[in-house]
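[1] the sequence and its predicted three-dimensional model are supplied below.
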Amino acid sequence: MIKRMITLLFSISALFSGEHRFDAQRAFQFLEKQVAFGYRIPGTDDHKACADWIIERCSALADTVIVQSFSAYNPYTKKWVEARNIIARFRPGETDRVMLSTHFDTRPVSDRDFAKPFMPVPGANDGASGTAVLLELLDKIHALNMKAGLDIIFWDAEDMGIAGSGKYFCQGSEYYALHPLEPLPQKGILIDMIGDKDLELLIEKNSMLYAPELVLSVWNIAAELGYQHIFKKQTGPEVYDDHMPLNTLAGIPTIDIIDFSYTYSGRNLWHTTKDLPAFCSPQSLLCVGETLLLWLSRQ
């Protein structure tokens, strides 16, 4: 038992040292760069520029990149616009596969901002944080020598829905679920809004319903790394996020790592014009990034 613990500690230490460690500062720079592009609303030039940048980084590091184009509906402009899921594949021929995913688009209205409800959301946490973590993970994958193949997916058109109705949310993951790429992953992890300075990750109800073993394995890995104060083994609310089309339409057991509360001094920042890098933290990106890195190393 002691020998096994020493081996595990040595492997974890090796994983998080040198050039293969998760670089929290670089990940945070990726977050800031996305916000600097502007509002990443599908159909806009800022959105296209950001997507092109993500594709460029994926193309440099993944074995293959597939851009899945589709039409998304913006209920606020009442127009159909071009959208793109960006799929970076490692070992694309391997039938035993896992998936990591996030969304990179931002919300066209700040419906929770009572002072500026019709302004777009900057999306530092809601969009850029998950994307930053996965962009930082890209150049770590080959060194892991995973047995499984891996799909890292950046969903588009996640956040154009009508608040309170659930309609028009998660359009990119729904499109993928109806037009999946073979070989299909057998399990997946979605990350969303994980850059909050005051990060608290409770267990999302639907995740526990569809993939309880995966939830426990991820939360246990976080505890191994000393992040049990962030990855809390408590049940939080249920949310309709990109993991739901994957679970219900594609049949891919997928969990959602998400912070349900995004506040500063008691004021809500979610879906407001205050969703800015100033309220996000490299340390939050680090704890999620290291947890995913260790989980991947065991696949």
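    Looks like it came in fine. Since this is a predicted model, take the numbers as computed values, not measurements.
[2] only C-alpha atoms from now on, for both contacts and neighbour counts.
    Will do.
[3] so what's Ser284 up against?
    Ile194, Gly195, Asp196, Lys197, Leu199 (Cα atoms under 8 Å, 6 or more residues apart in numbering).
[4] how about those in TSV, adding pLDDT and distance to Gly38?
    Listed next are the contacts of Ser284 as TSV, based on pLDDT from 0 to 100; distance: Cα to Cα, whole Å:
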residue	pLDDT	distance to Gly38
Ile194	98	20
Gly195	98	18
Asp196	97	20
Lys197	97	22
Leu199	98	25
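[5] which two among those are spaced furthest apart?
    Ile194 and Lys197 (8.9 Å; Cα to Cα).
[6] between these two, which one's more packed in?
    Using other Cα atoms under 10 Å as the criterion, Ile194 and Lys197 rank with Ile194 on top: 31 against 19.
[7] Pro180 and Ile252 touch, don't they?
    No: under the criterion of Cα atoms under 8 Å, Pro180 makes no contact with Ile252, lying 10.3 Å away.
[8] give me the more crowded residue out of these two.
    Ile252 (22 against 16).
[9] checking that one next. Helix, strand or coil?
    Under DSSP: H, G, I helix; E, B strand; the rest coil, the three-state class of Ile252 is coil.
[10] what about the helices in the stretch 1-150 of the chain?
    Counting by DSSP state H, counting those that start in this stretch, one finds helices in the stretch 1-150 of the chain at the ranges 2-15, 24-37, 45-61, 128-137, 141-144.
[11] okay, the ones you listed, which one's buried deepest?
    Burial of these is given as mean neighbour count (mean count of other Cα atoms under 10 Å); helix 128-137 ranks first at a mean of 27.
[12] how about residues contacting that helix?
    So helix 128-137 is contacted by 22-23, 26-28, 30-32, 34-35, 54, 57-58, 100-104, 152, 154, 191-195, 285, 288-289, 293 (Cα under 8 Å, 6+ apart).
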